[in-house]
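Asks: For reference, the sequence and a predicted model appear below.
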Amino acid sequence: MKPSIFPTMAAAAAIACLTASQVMAVGDPTPSDICSGAAAKLVRGITNVVTCPAELPKQIIRHSRTDGFTGGVIGLFAGIEMTVYRAVTGALEVVLFPVPDPGFYEPLTTPHFVWDEWDTPAPPAPL
């Protein structure tokens, strides 16, 4: 059985249509703006996929500063959740880097990188 090229061509056409419609909606960005935005989105996605395991100690430290031992336990689960979240959003940015959504190549996650807000204590846990 010969593999079909139709699914690949359909996906490429869909991405091209989405990209063209979003670029026209933003205004008249230069080709340099488009390339810079796409490259930033790709690099941000790769960085978030690679550094996502650092969310585990980050969340434990942040929650421990606020709630002590209980915060450390809460931080463990928050770290697991944020690790998965950062890995998934990073992978989405890598796969969809040519598409200027959301906004004009804006990040999918806040904070943009794992090292942002490292020193900020987490909000107290509602008990």
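Replies: In hand now; what should we look at? Numbering: from 1, shown residues only.
Asks: Show me what the longest helix along the chain is packed up against.
Replies: Identified as the longest helix of the chain according to DSSP state H is helix 55-95. Using 3 or more CB pairs under 8 Å, 6 or more residues apart in numbering; DSSP states H and E, the elements in contact with helix 55-95 are helix 31-51. Bear in mind the C-beta positions are built from the backbone N, C-alpha and C, glycine included.
Asks: Okay, angle between the helix it packs on and helix 55-95 too, please.
Replies: 140 degrees (axes from the mean of the first three to the mean of the last three CA atoms, to 10 degrees).
Asks: Report the mean per-residue pLDDT for helix 31-51.
Replies: Mean pLDDT, helix 31-51: 91.
Asks: what sits up against that helix?
Replies: Contact with helix 31-51 is made by 23, 29, 86-87, 89-98, 100, 104-105, 107, 109, 112-115, as judged by CB atoms under 8 Å, 6 or more residues apart in numbering.
Asks: what bits of this structure have low per-residue confidence?
Replies: Under the criterion of pLDDT under 70, the regions of the chain flagged as low confidence span 1-26, 125-127.
Asks: try 80 this time
Replies: Applying pLDDT under 80 to the chain flags residues 1-27, 101-102, 117-127.
Asks: Run through the residues that contact the closest residue to Pro124 other than its chain neighbours.
Replies: Among residues not flanking Pro124 along the chain, Thr66 sits closest, at 5.4 Å (CB to CB, 6 or more residues apart in numbering). If you count contacts by CB under 8 Å, 6+ apart, Thr66 has them with Pro121, Ala122, Pro123, Pro124, Ala125.
Asks: and Gly68, how many neighbours?
Replies: Neighbourhood size, Gly68 [other CB atoms under 10 Å]: 10.
Asks: Let me fix that, I meant to ask about Leu92.
Replies: Residues near Leu92, counting by other CB under 10 Å, number 17.
Asks: thought it was touching Leu108?
Replies: Yes. Here Leu92 reaches Leu108: they are 6.2 Å apart, a contact under CB atoms under 8 Å.
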